[in-house]
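Colleague: I'd like to go over a predicted model; first the sequence, then the structure.
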Number of protein chains: 2
Amino acid sequence: MSEQRPSPTPPAEDATPSDEGPGRSAKGPSRRAVLGVAGAAAGIAASGGIGFQVGRQTAPPPGEGQFPFLGAHQSGILTPQQDRLHFAAFDITTDSRDRVIALLRRWTQAAATLMAGSQVGGGAVGGPDLLPPDDTGEALDLGASGLTITFGFGRSMFLADGADRFGLADALPDQLLELPHFAGDALEQNLSHGDLCIQACANDPQVAVHAIRNLARLAIGDAHVRWAQLGFGRTSSTTRAQKTPRNLMGFKDGTANIRAEDKGLVDRWLWADGSDGQQWMHDGTYLVARKIRILIENWDRTSLSEQEDAVGRTKGSGAPLSGGNEFTDPNFRARDSAGSLLIPTDSHVTIAHPSRWDGVKMLRRGFNYTDGADALGKLDGGLFFIAFVRDPRAQYVPMQEEMSRADRMTVEYLRTVGSAVFAVPPGVAQGSSLGDGGAYIGEALFA
Amino acid sequence: MSEQRPSPTPPAEDATPSDEGPGRSAKGPSRRAVLGVAGAAAGIAASGGIGFQVGRQTAPPPGEGQFPFLGAHQSGILTPQQDRLHFAAFDITTDSRDRVIALLRRWTQAAATLMAGSQVGGGAVGGPDLLPPDDTGEALDLGASGLTITFGFGRSMFLADGADRFGLADALPDQLLELPHFAGDALEQNLSHGDLCIQACANDPQVAVHAIRNLARLAIGDAHVRWAQLGFGRTSSTTRAQKTPRNLMGFKDGTANIRAEDKGLVDRWLWADGSDGQQWMHDGTYLVARKIRILIENWDRTSLSEQEDAVGRTKGSGAPLSGGNEFTDPNFRARDSAGSLLIPTDSHVTIAHPSRWDGVKMLRRGFNYTDGADALGKLDGGLFFIAFVRDPRAQYVPMQEEMSRADRMTVEYLRTVGSAVFAVPPGVAQGSSLGDGGAYIGEALFA
């Protein structure tokens, strides 16, 4: 899983207890020694391994999983889906193309550091005593925890109200569209869109929150968070080894998802290949994010029979109502002894099934969320839908238009309150150097 | 850990795949058989074991931990602190004492069922086909996951605007006080108070959210959620085996906490003994909840030196600035070579140290939270403080008054936006029967 092994140096905290005695003589620079961290070297020390540079002086504590940052594709897409999410959309506040590039360089280096289970800046606490610490510190003991960080670019970074803000208008892919209005959309602008996005997924939510917080901090002066979303449980699987999880409707979700093992489907439906002329997106993909509130009280008052008819599957096993098990193909022509179709024609599984859409597939990677209670004391929660597709125009819009009009589950029980599409550029190639003058996410766009 | 072992019956879902074929002949009651669940028997089937009755026909999948519901004290207090929280405060909407009692009976039985890793109503999906399912289903495959459920009663249940709503005014303990206004309080009423509370803690946040959701559902018509809070990472430990976690300031938190092993401290500071005449609270305790927003951008721009001075501990190891390791007692008289005190007199550790407060201790059980970004794009997050004490008047109020005025960390970097106190009654004794006419949480209050 990990191609970038930390050196076996023990964490500074454990290595230097004797430094922490009362001999500490002043509030000044000596405290850096107290912390036992060579913070001054942060950002330039080679970590060894596969040839990229990340500032890190100390080995991370053992994490539950560590994924490589470098690669043809960004992490957090085909990575086995982690259970926890923190997602943030940003608005760029600078007018300077150079400052956007510098921000992407800082983010790239920090993302590599964080994914390695280390702290921004490279130290255990880090930084000189009289400056704010480079890292906020709350993930110091938590390791990598399977963290992945995925960056995306919104349409408004290329073109906003007709303005070519950063000289990128010619590079705007047609796939990075403004979604049409769908029936049932009740979009709130402060939960939608954004110039940039970062998806942080991890096994420990504190690690994901820490990543977004520290990346937001690195953006101060150039970009700020427009909206953010915590997701507490995955609603899909991206590998065959993962059990299908349940959404807040209580049903198994993502049964028909593309999995990493489906090489042919992945190549066909996931990765952009530059054939549209936007070579900078080669090996990238497009992220559709939709914050879908479930009308939970309505759903919870609905009979089991109606719930299963709306979904088209049994609630227990997730099998289609035509029989079999979770992974059995639905038989849309099967009838009961009275002659009625077993799977209603307006069920979700009927409307969304690939057989209706020329076999179109998407890679779903969504999460359950709750934002507490609304003003009426109702549980405010639902699905933070995330899908990765090579072309939302073909793989998302037509099906969503039909679902929003004709799918009983969607029409009766869901309201979409947030919406965004982002272009997810390719990864930073193996062997690249990061940091000042080094490689960065989206480099081909600005080249 | 578990005193209530499930019978080894396999989960219905796995046991009955052959029932799910197309032979299913109608949308009616036959679907109950499809689910393979004897939902009709829910609530009366003996689970075996230690002599209480919880409706459950199927064994839960293997969970990561299961705690007994029955006992002298409620769970979720001295239980090794789980990593995830969903907390909800409720307003009672009925005027009927009998309906409140019936609600507490339903909640008690459901809590025992949920903590056993089972579904409300007892079935895998449960309930007849033409009725809404008893359980919402999203935790069906997640097991017990260390779930604990803790109930509390707010002052307004006893006395609201001078009205004795349910004939309980005489049973109002003096300890269940209205907290005074503290400097720095910026309380929002819709994040404060409540007639009842439920604290659900688990290793999996989906299990905690599921518990609150289903208990809220059982309250429909009698009570509704007033406010709710998700906590994503614990900020304290309640056993010696647990590592001290970090709060969103990046510092280790709860180092001086009472631990379950400290029998003398637990008996002295945690459990009410009825000596105040409120016998119904014997073996209960009081819960203080405070939603404390951290002014994160201010904190993050502060130098390491200032952060450590505000806390009085090093950020790396958590040792007091007078030296040693995390668990070394601070030496408030230690000075550096220039004659300055190593621990500033206005540091948090100085103001809050038990030596200043006649040795007073509390059992802390708080959580980090984030609610996303605020309207200015700042991270809206902090500490959802929870403490259990036998008397908030002695163990919370005096120290908080001083902290809110004189503790640099609190004054400069924290704002309290929510506040509540609840009386947490004793547990339901081992050997009790639950359900209709059975024992319930708070029974001695209504007896």
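Modeller: Structure's in. What do you need?

Colleague: contacting residues around the spatially closest residue to A:D174 that is not a sequence neighbour?
Modeller: Spatial nearest neighbour of A:D174, excluding adjacent residues (CB to CB, 6 or more residues apart in numbering or on different chains): A:D276 at 6.7 Å. For every residue, glycine as well, the C-beta is placed using N, CA and C. Each residue near A:D276 by CB atoms under 8 Å, 6 or more residues apart in numbering or on different chains is listed here: A:P173, A:D174, A:Q175.

Colleague: check which helix or strand covers the residue most central in space within chain A.
Modeller: For chain A, the residue lying nearest the average C-alpha position, counting by CA atoms, centre = their mean, turns out to be A:Q199 (3.1 Å). Remark: A:Q199 resides in strand A:196-202, with elements defined by DSSP states H and E.

Colleague: list the buried residues in the following helix or strand past that strand.
Modeller: On the C-terminal side of strand A:196-202, the closest following helix or strand by DSSP H and E is helix A:205-218. Of the residues in helix A:205-218, those buried by neighbour count under the rule 16 or more other CB atoms under 10 Å in any protein chain shown are A:205-218.

Colleague: which of these are close to chain B?
Modeller: A:P205, A:Q206, A:V209, A:I212, A:R213, A:A216, A:R217 (CB under 8 Å from any CB of the partner chain).

Colleague: how about the last one, nearest residue that isn't a chain neighbour?
Modeller: Closest residue to A:R217 apart from its sequence neighbours, by CB to CB, 6+ apart: B:D300 at 5.7 Å.

Colleague: can you give me the distance of the one you found to A:W357?
Modeller: Counting by CB to CB, to the nearest Å, the gap from B:D300 to A:W357 is 47 Å.

Colleague: more crowded one of the two?
Modeller: More neighbours surround B:D300 than the other of B:D300 and A:W357, with 23 against 15 (other CB atoms under 10 Å in any protein chain shown).

Colleague: hang on, that one packs against A:D134?
Modeller: No. In terms of CB atoms under 8 Å, B:D300 does not count as a neighbour of A:D134; the distance is 10.4 Å.

Colleague: who touches the residue of the stretch 1-150 of chain A found nearest chain B in this structure?
Modeller: When distances are taken as CB to the nearest CB, the stretch 1-150 of chain A approaches chain B most closely through A:G137, which lies 2.4 Å from it. Listed by CB under 8 Å, 6+ apart, the contact partners of A:G137 are A:Q119, A:V125, B:R246, B:M249, B:G250, B:F251, B:K315.

Colleague: same deal with A:R405?
Modeller: With contacts defined as CB under 8 Å, 6+ apart, the neighbours of A:R405 are A:A183, A:V411.

Colleague: and if you look at A:D300?
Modeller: B:P132, B:T136, B:R217.

Colleague: A:M409 and chain B: what is the separation?
Modeller: 14 Å (CB to the nearest CB, to the nearest Å).

Colleague: hang on, that residue is in a strand, isn't it?
Modeller: No. Under DSSP: H, G, I helix; E, B strand; the rest coil, A:M409 sits outside any strand and is assigned helix.

Colleague: picking that back up, save the ones next to chain B among the buried residues of helix A:205-218 as CSV, and put in pLDDT too.
Modeller: What follows is those, written out as CSV (pLDDT from 0 to 100):
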residue, pLDDT
A:P205, 96
A:Q206, 96
A:V209, 96
A:I212, 97
A:R213, 95
A:A216, 95
A:R217, 94
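
Colleague: would you point out the most distant pair within those?
Modeller: A:P205 and A:R217 (18.3 Å; CB to CB).

Colleague: give me the low-pLDDT residue ranges for the stretch 51-200 of chain A?
Modeller: Residue ranges of the stretch 51-200 of chain A with pLDDT under 70: A:51-64, A:123-128.

Colleague: near chain B, which residues of it are found?
Modeller: For the stretch 51-200 of chain A, the residues found near chain B under the criterion CB under 8 Å from any CB are A:83-84, A:86, A:88, A:91, A:124-125, A:127-133, A:135-141, A:190.

Colleague: is any part of the host helix or strand of A:W227 close to chain B?
Modeller: In this structure, A:W227 sits in strand A:223-231 according to DSSP H and E. Yes. Against chain B, strand A:223-231 shows contacts by CB under 8 Å from any CB at A:H224, A:V225, A:R226, A:W227, A:A228, A:Q229, A:L230.

Colleague: buried subset of the contacts of A:D276?
Modeller: If you count burial by 16+ other CB under 10 Å, the buried members of the contacts of A:D276 come out as A:P173, A:Q175.

Colleague: between the contacts of A:D276, which is nearest B:H282?
Modeller: When those are compared for distance to B:H282 (CB to CB), A:Q175 comes out closest, at 66.7 Å.

Colleague: could you pull up the contacting residues of that closest one?
Modeller: If you count contacts by CB under 8 Å, 6+ apart, then A:Q175 has A:A272, A:D276, A:Y286, A:R390, A:D391, A:P392, A:R393, A:A423 around it.

Colleague: make a markdown table from the residues you listed and add pLDDT and secondary structure to it.
Modeller: Supplementary listing: the contacts of A:Q175 in a markdown table, determined by pLDDT from 0 to 100; DSSP: H, G, I helix; E, B strand; the rest coil:
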| residue | pLDDT | secondary structure |
| --- | --- | --- |
| A:A272 | 97 | coil |
| A:D276 | 92 | coil |
| A:Y286 | 98 | strand |
| A:R390 | 97 | coil |
| A:D391 | 98 | coil |
| A:P392 | 98 | helix |
| A:R393 | 97 | helix |
| A:A423 | 98 | strand |
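
Colleague: if any of these are buried, put those into a ChimeraX selection.
Modeller: What follows is the ChimeraX syntax selecting those of those that are buried according to 16+ other CB under 10 Å:
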select /A:272,286,390,391,392,423
